[in-house]
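Enquirer: Fold the following, please.
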Amino acid sequence: MQQAVAQVNSNPGGGSVKLKRGCTYRLTQADPAGTPNGFVPITNVSGVTIQGNGATIKRDSASKFRFFEVVSGGVLTLDHVTLTNGHAASPANAAVGGAVWLHGGQVTISRSYLKRNTADLEGGALDNDSSLMTVTDSTVEGNSVVHPVTSPFGAFGGGLASAAGAITVFDNSSITKNTVVSKGADRSAGGGIEVDSSTVRLNHSLVSHNRVTGPDASGGGIVSQNGSLATLDSTKVVDNKVTGSVSARGGGISNDSTLVLTDSPVGAESKGNSVKSDGGPAQGGGIFNGGNGTATLTRSPVKFNRASGTPGDGGGIFNSAPAGNVTLVNSPVRKNSPNNCVNVIGC
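Expert: Numbers count the residues shown, from 1 in each chain. Just a heads-up that it's a prediction; the model follows:
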């Protein structure tokens, strides 16, 4: 399969690689050997398409490598394929994007499953830097970012990391059961999705059961920061969790940029989001809105979320007043613990 992808990539007109239905393709080494990718970097501007037909591509090697790197101008389409056990490790391959690293090209993913991939820094499954990525009818599940003790960086984006002006769109997709763990003293954030200086849109999707653990931990489902825009439309954010030994913020969402929710509940009965810290403040069980944050909720209830710490505050929404701003439009904030809101007008 590696040879087939290389051949299509070198064809000026691009093309497709068709996988056998239901088969598992095991990669025992990178291509070329010793590099950080399972396949040659995708550079073809006409596009390389992987027609999966329900097949699985799995890293089956002691060597650590992701599957695809898409560089400036390259176009990659993944359809009906599973990518599993990729690992972007420090330092050779920038430790980002355990399955796919996009920087400067374009990636389209449809009817696919990205599971149990790992990165040492950002984007357990997907990392999008300054590019366009579209994910439709797909599942991003069980991926992880585990921050080594000796690393000088934090850990971000268990499912997806989006940065540097990137645009990432999820349609009818699930981001679930992803984790971010910092073993050192640095920050960990975005159990499902990290949005950093970029734009992420989620339409008719699900962000659930994602986890963040570390000393300074935030954004169990989503973290949005540094001038980003996160837009959720008819998307559920439920049962995400942040556990911090020093501080914990934003069990469902941690926002320090622009956040827009429409018809998108945060928390549900028996599926509330939560923050917990035994050594410091735990703020915003559902949503934490920082001093640079503007959050607008329309028909988006915030219910059954919890903040527990020393102290725990803003079980539903914690707003960092006076600079942070939260606007509620037909969006009840109810049945959160220990309280519903802090510094939110009309709550």
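Enquirer: which residue packs closest to Ser320, ignoring adjacent ones?
Expert: Gly291 (4.5 Å; Cβ to Cβ, 6 or more residues apart in numbering). Any C-beta I mention is one placed from the backbone N, CA and C, and that applies to glycine too.
Enquirer: which residues does that neighbour contact?
Expert: Taking Cβ atoms under 8 Å, 6 or more residues apart in numbering as the criterion, Gly291 is in contact with 256, 320, 323-324.
Enquirer: does it count as helix, strand or coil?
Expert: When the structure is reduced to helix, strand and coil (DSSP: H, G, I helix; E, B strand; the rest coil), Gly291 reads as coil.
Enquirer: backbone phi and psi for it, please?
Expert: For Gly291, the backbone dihedrals (degrees, to the nearest 10) come out as phi -60, psi -20.
Enquirer: pLDDT at it, what is it?
Expert: Per-residue pLDDT puts Gly291 at 95.
Enquirer: So Leu83 is in contact with Ser112, correct?
Expert: Yes. At 7.3 Å, Leu83 and Ser112 qualify as touching, with contact defined as Cβ atoms under 8 Å.
Enquirer: Which one of those two is surrounded by more residues?
Expert: Here Leu83 and Ser112 are set side by side on neighbour count (other Cβ atoms under 10 Å), and the busier one is Leu83, at 29 against 23.
Enquirer: Who does that one form a beta bridge with?
Expert: Beta-bridge partners recorded for Leu83 (DSSP bridges): Ile57, Leu114.
Enquirer: and the closest residue in space to Asn210 that isn't next to it in sequence, what helix or strand is that in?
Expert: In space, and not counting its chain neighbours, Asn210 is closest to Gly191: 3.3 Å by Cβ to Cβ, 6+ apart. Gly191 is located outside every helix and strand, with elements delineated by DSSP states H and E.
Enquirer: what's the spacing between Gly191 and Ala217?
Expert: Going from Gly191 to Ala217 by Cβ to Cβ, to the nearest Å gives 9 Å.
Enquirer: what residues are shared contacts of these two?
Expert: When contacts are counted by Cβ under 8 Å, 6+ apart, the set common to Gly191 and Ala217 consists of 180, 242.
Enquirer: How about the secondary structure of Ala248?
Expert: Following three-state DSSP, the label given to Ala248 is strand.
Enquirer: What's the local residue count around it?
Expert: Neighbour count for Ala248, taken as other Cβ under 10 Å: 36.
Enquirer: again with Ala4
Expert: The burial count assigned to Ala4 is 15, neighbours taken as other Cβ under 10 Å.
Enquirer: which of the contacts of Gly291 are buried?
Expert: The neighbour count (16 or more other Cβ atoms under 10 Å) marks 256, 320, 324 as buried among these.
Enquirer: Need phi/psi at the residue nearest to Asn210.
Expert: Note on Gly191: backbone dihedrals following degrees, to the nearest 10 are phi -60, psi -40.
Enquirer: measure it to Gly219 for me?
Expert: Distance from Gly191 to Gly219, by Cβ to Cβ: 7 Å.
Enquirer: Same question for Ala163.
Expert: With Cβ to Cβ as the criterion, Ala163 and Gly219 are 14 Å apart.
Enquirer: Looking at the two, which one has more neighbours?
Expert: Each of Ala163 and Gly219 had its neighbours counted (other Cβ under 10 Å), and the higher figure belongs to Gly219 (36 against 22).
Enquirer: Please save the CA atoms from stretch 24-43 in PDB.
Expert: In PDB, the C-alpha atoms belonging to stretch 24-43 read as follows (Å, rounded to 0.1, in the frame of the first residue of the first chain):
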ATOM      1  CA  THR A  24      -6.400  -4.500   7.800                       C
ATOM      2  CA  TYR A  25      -3.300  -3.000   6.300                       C
ATOM      3  CA  ARG A  26      -0.500  -3.300   8.800                       C
ATOM      4  CA  LEU A  27       2.400  -0.800   8.500                       C
ATOM      5  CA  THR A  28       5.600  -2.300  10.000                       C
ATOM      6  CA  GLN A  29       7.800   0.700   9.100                       C
ATOM      7  CA  ALA A  30       7.600   4.300   8.000                       C
ATOM      8  CA  ASP A  31       8.000   5.300   4.300                       C
ATOM      9  CA  PRO A  32      10.800   6.000   3.800                       C
ATOM     10  CA  ALA A  33      12.100   3.900   6.700                       C
ATOM     11  CA  GLY A  34      13.200   6.000   9.700                       C
ATOM     12  CA  THR A  35      11.000   9.000   8.800                       C
ATOM     13  CA  PRO A  36       8.100  10.200  10.900                       C
ATOM     14  CA  ASN A  37       5.300   9.200   8.500                       C
ATOM     15  CA  GLY A  38       3.800   5.900   7.400                       C
ATOM     16  CA  PHE A  39       3.400   7.200   3.800                       C
ATOM     17  CA  VAL A  40       5.300   9.700   1.700                       C
ATOM     18  CA  PRO A  41       4.300  13.300   2.500                       C
ATOM     19  CA  ILE A  42       1.300  14.300   0.400                       C
ATOM     20  CA  THR A  43       2.300  17.000  -2.000                       C
END
